[in-house]
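Undergrad: here you go, sequence then predicted model.
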Amino acid sequence: MAKVMIMEHPLIQHKIGWIRKSDTGSRDFREMVGEIAMLMCYEATRNLELEDIEIETPICATTVKGLKGKKLAVVPILRAGLGMVDGMLAMIPAAKVGHIGLYRDPKTLEPVEYYCKLPEDCSEREVFVVDPMLATGGSAVAAIQMLKDKGVRNIHFLCIIAAPEGLEAMKAAHPDVDIYIGALDEKLNDHGYIVPGLGDAGDRIFGTK
Ligand SMILES: O=P(O)(O)OC[C@H]1O[C@H](OP(=O)(O)OP(=O)(O)O)[C@H](O)[C@@H]1O
Ligand SMILES: O=c1cc[nH]c(=O)[nH]1
Ligand SMILES: [Mg+2]
């Protein structure tokens, strides 16, 4: 069974508090989503493999640690996941970026696929799927299944806010995927929105409502 990690870091909690507020505008919202993604990436990459590297400092020869050069990819679920990409890349700049386009049908709450473009060698990469919101879990479950269908095996999922319903759906569908959550909220409302949540993350990032 993969691990579920709920972030307790004060900086993450503080920034999540700010993006929940309905009077936080798009500019600040976007900026803080990026910062939260960067801090979460720091946690989610904690187990990346290191190797010894021989170098010379100005003083002497020595052995230092370097990342083993494992190939990484970041895959945002469009649209809202895009808000987390730059923060992730600030930490892991050599990662490739794939895109999965899914929107949630407002009536059925089922995910509808409209785009998928992944790095050619995606199946060899350790993949970090990002989406600020895990509500029913339909979108994340479907996106991760799309990756598995293309042969990707090493998958992590990062979301800023999760509902218990989405977390259970993810654990049931993809027990092999590590899940990193900024805050685990109370429940979903009758329209499938997370309570207390932050509203529609995509609309708030892009100013579309
Ligand atoms: O867990 P679920 O019930 O599937 O809901 C979560 C999904 O809903 C939101 O996307 P949305 O459909 O609003 O698309 P958008 O990012 O384009 O706004 C969010 O960014 C997730 O992708
Ligand atoms: O609360 C929610 C649920 C789904 N998608 C969002 O953006 N917010
Ligand atoms: Mg949306």
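TA: The structure has been received and is ready for your questions. None of the values given here were measured: they were computed from a predicted structure. Ligands and ions are numbered 1, 2, ... in the order given.
Undergrad: need the residues of the chain near ligand 3, please.
TA: Applying Cβ under 5 Å from the ion, we find that the chain lies next to ligand 3 at 200, 202. No exception for glycine: its C-beta is placed from N, CA and C like everyone else's.
Undergrad: could you pull out the strands for the chain?
TA: 4-6, 50-56, 61-67, 72-78, 96-97, 99-104, 111-117, 126-130, 133-134, 154-162, 178-184, 187-188, 194-195 (DSSP state E).
Undergrad: any chance of these in JSON lines, with mean neighbour count too?
TA: Shown next, in JSON lines, are the strands of the chain (neighbours: other Cβ atoms under 10 Å):
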{"stretch": "strand 4-6", "mean neighbour count": "15"}
{"stretch": "strand 50-56", "mean neighbour count": "9"}
{"stretch": "strand 61-67", "mean neighbour count": "10"}
{"stretch": "strand 72-78", "mean neighbour count": "25"}
{"stretch": "strand 96-97", "mean neighbour count": "16"}
{"stretch": "strand 99-104", "mean neighbour count": "19"}
{"stretch": "strand 111-117", "mean neighbour count": "13"}
{"stretch": "strand 126-130", "mean neighbour count": "26"}
{"stretch": "strand 133-134", "mean neighbour count": "27"}
{"stretch": "strand 154-162", "mean neighbour count": "25"}
{"stretch": "strand 178-184", "mean neighbour count": "21"}
{"stretch": "strand 187-188", "mean neighbour count": "15"}
{"stretch": "strand 194-195", "mean neighbour count": "18"}
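Undergrad: mind giving me JSON lines with those and columns for mean pLDDT?
TA: Below are the strands of the chain laid out as JSON lines (pLDDT from 0 to 100):
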{"stretch": "strand 4-6", "mean pLDDT": "97"}
{"stretch": "strand 50-56", "mean pLDDT": "97"}
{"stretch": "strand 61-67", "mean pLDDT": "96"}
{"stretch": "strand 72-78", "mean pLDDT": "98"}
{"stretch": "strand 96-97", "mean pLDDT": "98"}
{"stretch": "strand 99-104", "mean pLDDT": "95"}
{"stretch": "strand 111-117", "mean pLDDT": "96"}
{"stretch": "strand 126-130", "mean pLDDT": "98"}
{"stretch": "strand 133-134", "mean pLDDT": "98"}
{"stretch": "strand 154-162", "mean pLDDT": "98"}
{"stretch": "strand 178-184", "mean pLDDT": "98"}
{"stretch": "strand 187-188", "mean pLDDT": "98"}
{"stretch": "strand 194-195", "mean pLDDT": "98"}
